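Undergrad: Just need the structure, nothing else, for what follows:
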Amino acid sequence: MIILGIDPGYERLGIAVLEKNKGKEEVLHSECFKTSAKLKFEERLFLIGQKIEEVIKKYKPDVLAIETLFSNTNQKTVMHVSEARGVVIYEAIKKDLKIFEASPPQIKMATTGYGKADKNQVIKMVKMLVKIDNDKKSDDELDAIAIALTAFAHIKF
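TA: Below you'll find the predicted structure:
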């Protein structure tokens, strides 16, 4: 099974593609996809849609694992991130992917065993759970990997 993990955002979108082989999750691809603040917001959404479509076409995942939104004091940011999430989910549904959504506490619990873990604890565990090039991974990529790992922990095979 191949899972596309997404840490949603419109400036930075964490993308990870993981596959389970012989009981171990393997990172096939990860990146932090960035859009320029100089672009109109709708152009940024379009670029996100194109990028997700490209990743789905190349890796042919079975599942989209995406983080649910948490409330934030900046409502404009929350709205924009929710719109970016919508574009990602739309592209996944177009390609018949199953959708798995996880909250931040669920992701923390699945990766660290503690639902109130801090970001550094999650990152440390992700690096222990999967083989990755530690020097080249952004927080957004690592979050996307954590989301995909959470899906593997919850989905029955």
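
Undergrad: C-alpha from now on. contacts and neighbour counts both.
TA: Fine.

Undergrad: Quick check: closest non-adjacent residue to residue 45.
TA: Once flanking residues are discounted, residue 45 sits nearest to residue 84: 6.0 Å by C-alpha to C-alpha, 6 or more residues apart in numbering.

Undergrad: just residue 108 next, same as before
TA: Closest residue to residue 108 apart from its sequence neighbours, by C-alpha to C-alpha, 6+ apart: residue 115 at 4.9 Å.

Undergrad: close enough to count as contact, that neighbour and residue 106?
TA: Yes: contact criterion C-alpha atoms under 8 Å: residue 115 and residue 106 qualify, at 6.4 Å.

Undergrad: ok, those two, which is more surrounded?
TA: Set side by side, residue 115 and residue 106 show more neighbours around residue 106, with 20 against 15, by other C-alpha atoms under 10 Å.

Undergrad: show me the contacts for that one.
TA: 115, 150 (C-alpha atoms under 8 Å, 6 or more residues apart in numbering).

Undergrad: Repeat that for residue 53.
TA: Per C-alpha under 8 Å, 6+ apart, neighbours of residue 53: 91, 92.

Undergrad: again, only using 10 Å
TA: Contacts of residue 53 were listed using C-alpha atoms under 10 Å, 6 or more residues apart in numbering, and they are 47, 88, 90, 91, 92, 94, 95.

Undergrad: Many thanks, we can stop here.
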